[in-house]
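Undergrad: Model the structure of this input:
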Amino acid sequence: MEIKLGNFNIVPALEREDLLTPATAKLIPSLPDAQNIGVTEIDPGVSDTAAFCEKYGISPDVTANCVIVETRRGENHQFVACIVLATTRADVNGLVRRTLDARKASFAPMEEAVKQTGMEYGAINPIGLPEGWPIFIDSRIPLLPAVVIGSGLRKSKIILPGSVLASLPNARVLEGLGQLK
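TA: So this is what the prediction gives:
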């Protein structure tokens, strides 16, 4: 494994399934470059992005957030995961809504996001989401040689090449998904 970031110990994710949700651990071996997907144990009290970056010396420019959005059009509704850099916010009411041809798009309530994903709030990641969910990825992320994202558990983070996220089933890279804050 060749990823080096921040001031923590990164180990191969395939060797520490205890730091991943079962769905995430199940999917990682099938991903391209699986041997270069790392995981690190962290203090769960600093899982939120700003506190995490400060404590572990990680730039928000290489840290991604996964936000769950719920869209509606008439009686139909669906969930979508949006992956954006920590320095940006997802264009939910513009690009996401238009891309899914939805009448309304909004962040899923915390309880619903946790229930639907089976992951802890503040640590949701796109690896191992329910089958069929669209995954929208900001176009800057696949260009990163290493990106930090939640593991599904607040006690750890995943570190992987950004291109791996773009290879996920149902992933779609969108220009302009992440808007500067």
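Undergrad: contacts, neighbours, all on C-alpha from now
TA: OK.
Undergrad: So, low pLDDT: which residues of this protein?
TA: Filtered on pLDDT under 70, the chain yields the residue ranges 1-4.
Undergrad: Go again with 80.
TA: Across the chain, residues meeting the criterion (pLDDT under 80) sit at 1-7.
Undergrad: Can you identify each of the strands in it by residue range?
TA: 11-12, 38-41, 64-73, 76-85, 88-90, 104-107, 135-138, 147-150, 156-160, 171-174, 178-180 (DSSP state E).
Undergrad: which one of those is the most hemmed in?
TA: Most buried of the strands of the chain by mean neighbour count (mean count of other Cα atoms under 10 Å) is strand 147-150; its value is a mean of 27.
Undergrad: Of all the strands of the chain, which one comes closest to Ile58?
TA: In terms of Cα to Cα, the element of the strands of the chain nearest to Ile58 is strand 147-150, at 8.7 Å.
Undergrad: helices or strands next to the closest one in the packing?
TA: Contacts of strand 147-150 with other secondary structure elements, assessed using 3 or more Cα pairs under 8 Å, 6 or more residues apart in numbering; DSSP states H and E, are made with strand 64-73, strand 156-160.
Undergrad: export these to CSV and tack on distance to Ala146?
TA: Formatted as CSV, these follow (distance: least, Cα to Cα, whole Å):
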stretch, distance to Ala146
strand 64-73, 10
strand 156-160, 5
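Undergrad: Do me a favour and get the end-to-end distance for stretch 150-167?
TA: Length of stretch 150-167, first residue to last, Cα to Cα, to the nearest Å: 17 Å.
Undergrad: one step back: can I get the strands of the chain in TSV including distance to Gly118?
TA: As requested, these are exported to TSV (distance: least, Cα to Cα, whole Å):
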stretch	distance to Gly118
strand 11-12	23
strand 38-41	19
strand 64-73	12
strand 76-85	13
strand 88-90	22
strand 104-107	17
strand 135-138	16
strand 147-150	13
strand 156-160	16
strand 171-174	19
strand 178-180	25
